[in-house]
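K.L.:
Pasting the sequence and the predicted coordinates here, then a few questions.
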Amino acid sequence: MKSILSILFLSLLIISCGKKDETANNTIQTQQQIEIINTWVRVSAQNMNTALFFEVKNKSLNPDTLYKVTSDAAEIIEIHETFHHENGMMGMRGIEFVEVPAKATVIFKPRDLHVMFINLNNDLMLGDSVQAELLFRKSGSVKISAEVKEMMKRE
Amino acid sequence: MSINNPYLNLNPSHNPSHNLSHNLNLTLIAALLLFISCSDNLPILDDLSGKNYKLISQSEFAFNFPGDYKGKIVVAGYIFTNCPDICPLTTNNLRLIQEKINEAGIKNVEFAAISFDPDVDKPAVLKKYAEIRRMDLSNFTFFTGEKNEIESLMKDVGVFAIPGDSVQTSSGNNMIFYIHTDRISLIDSEGRIRKNYLGSQTDTEEVAADIKELSN
């Protein structure tokens, strides 16, 4: 009886360890499928707002979805898009998610998609960096560091 | 030898009426040349010269716009500081034009960023907005004002701002994100709007060239 229990315990241990390794490997693999490059945040002041920009490269054969961004830099963080309104007016609105097609790159850039940081906790001065976590439905969490920049010469 | 041909007068001074006509022609040509040299290709879009909007600068100085700028060319952009994308681009474009104009040594040009969200954009807010961006405020001013003054000004310059999405912060602050006209205006030294540009996408070279044309 004892030997049976021992074998059962060992089997469960092997199975559980195997699952853990498999999950870990999957996580690493899926994270590598998403690459975030050209990250930057606009200079802005405490209690004001700013925008985070980057490029998402999806190297996998499957589409993925960015659905949330978190950071300690601001009280509220939302995924936004800038849009054209009538008579040359411009606005922006929150969106729930952004799909990144397979083998494609989605660019978050001025006058377009951006991650809005609302009510900044601190001044974001030139040369500072902001840490953020991008959450994808398939690939999970991707941590990034974005440099605080002045405006580019032509954005 | 005398010449009797009535159609040929080699000595016009002998004909007073012809002399007067000749002088008149010269005067007209001179006036035309003067007009050509002073004119430009920028039509008058709106005339604000008879109006004075009472604004307040980021340093809390009272200002009559555009009257207090009389004699100076003004490049004005319209912004709100809670805007994370379009308005920082407009502000940056104003800065880029300012750099070009200052580098070119063109004097008598002022830059103004006027908020259409006076409930939020108090002078201290505008001051912080300018400081964090390290703006050169030697000839650049951020403006706010009483709501009715701002509304009148925006109406007259054709800038619209309507409330869009909003968020509530933990401190109970309701932050409104406006859908708004994306604009920079070029105003001549007489307070007349001569050209409008897309504020966030302004071709800074174009504006600099237009300023040079107006300043000639």
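P.N.:
Okay, I see it. Bear in mind that the values here come from a model prediction, so they are computed numbers and not experimental data. Numbers count the residues shown, from 1 in each chain, chains lettered A, B, ... in the order given.
K.L.:
Just want the residue of chain B that's nearest chain A.
P.N.:
As assessed by Cβ to the nearest Cβ, chain A sits closest to B:Ile179 within chain B, at 3.3 Å. C-betas here are computed from N, CA, C, even on glycine.
K.L.:
Which pLDDT value belongs to the spatially closest residue to that residue that is not a sequence neighbour?
P.N.:
For B:Ile179, ignoring the flanking residues on the chain, the nearest one in space by Cβ to Cβ, 6 or more residues apart in numbering or on different chains is A:Gly91 at 3.3 Å. We have a pLDDT of 93 for A:Gly91.
K.L.:
Tell me which helix or strand A:Gly91 sits in.
P.N.:
Here A:Gly91, judged by DSSP states H and E, is contained in strand A:89-94.
K.L.:
Tell me how far the residue nearest the centre of chain B lies from B:Arg194.
P.N.:
In chain B, the centroid-proximal residue (Cα atoms, centre = their mean) is B:Ile187; its distance is 2.2 Å. Computed as Cβ to Cβ, to the nearest Å, the B:Ile187 to B:Arg194 distance reads 7 Å.
K.L.:
where does chain B dip in pLDDT?
P.N.:
By pLDDT under 70, the weakly predicted segments of chain B are B:1-39.
K.L.:
before we move on, back to that, looks to me like the residue of chain B closest to chain A is in a strand.
P.N.:
Yes - checked against DSSP: H, G, I helix; E, B strand; the rest coil, B:Ile179 lies within a strand.
K.L.:
For it, list the residues it contacts.
P.N.:
A:85, A:89-91, B:161-164 (Cβ atoms under 8 Å, 6 or more residues apart in numbering or on different chains).
K.L.:
Report the beta-bridge partners for the one residue in chain A that gets nearest to chain B.
P.N.:
Residue nearest to chain B within chain A: A:Gly91 (3.3 Å; Cβ to the nearest Cβ). Per DSSP bridges, residues listed as beta-bridge partners of A:Gly91: A:Phe83.
K.L.:
number of nearby residues for it?
P.N.:
As a burial measure, A:Gly91 scores 22 neighbours (other Cβ atoms under 10 Å in any protein chain shown).
K.L.:
does it really touch A:Glu81, like I thought?
P.N.:
No - between A:Gly91 and A:Glu81 there is no contact under Cβ atoms under 8 Å: 9.6 Å.
K.L.:
For whichever helix or strand B:Thr141 is part of, name the packing helices and strands.
P.N.:
Per DSSP H and E, B:Thr141 falls inside strand B:140-145. Helices and strands touching strand B:140-145, by 3 or more Cβ pairs under 8 Å, 6 or more residues apart in numbering or on different chains; DSSP states H and E, are strand B:53-57, strand B:62-65, helix B:86-103, strand B:109-115, helix B:123-132.
K.L.:
Walk me through which strands the second one pairs with, and which way each runs.
P.N.:
In its sheet, strand B:62-65 lies beside strand B:53-57 (antiparallel), with partners assigned from DSSP bridges.
K.L.:
quick one: the partner strand to helix B:123-132, angle?
P.N.:
Angle of strand B:53-57 versus helix B:123-132, following axes from the mean of the first three to the mean of the last three Cα atoms, to 10 degrees, is 60 degrees.
K.L.:
Tell me which residues of strand B:53-57 come out buried.
P.N.:
Along strand B:53-57, these residues count as buried under the neighbour rule (16 or more other Cβ atoms under 10 Å in any protein chain shown): B:53, B:55-57.
K.L.:
Show me which residues of chain A sit near chain B.
P.N.:
Contact residues, chain A versus chain B (Cβ under 8 Å from any Cβ of the partner chain): A:42-45, A:48-51, A:75-76, A:78, A:80, A:82, A:85, A:87-94, A:110-111, A:114, A:116-119, A:123-126, A:150-151, A:153-155.
K.L.:
Filter these down to just the buried residues.
P.N.:
A:42-45, A:48-51, A:75, A:78, A:80, A:82, A:89-92, A:110-111, A:114, A:116-119, A:123-124, A:151, A:155.
K.L.:
Quick check: next helix or strand after the strand holding A:Gly91?
P.N.:
Following strand A:89-94 in sequence, per DSSP H and E, is strand A:98-100.
K.L.:
Can you list the strands that that following strand pairs with?
P.N.:
strand A:64-70 (antiparallel).
K.L.:
Regarding A:Gly140, what are the backbone dihedral angles?
P.N.:
phi 80, psi -140 (degrees, to the nearest 10).
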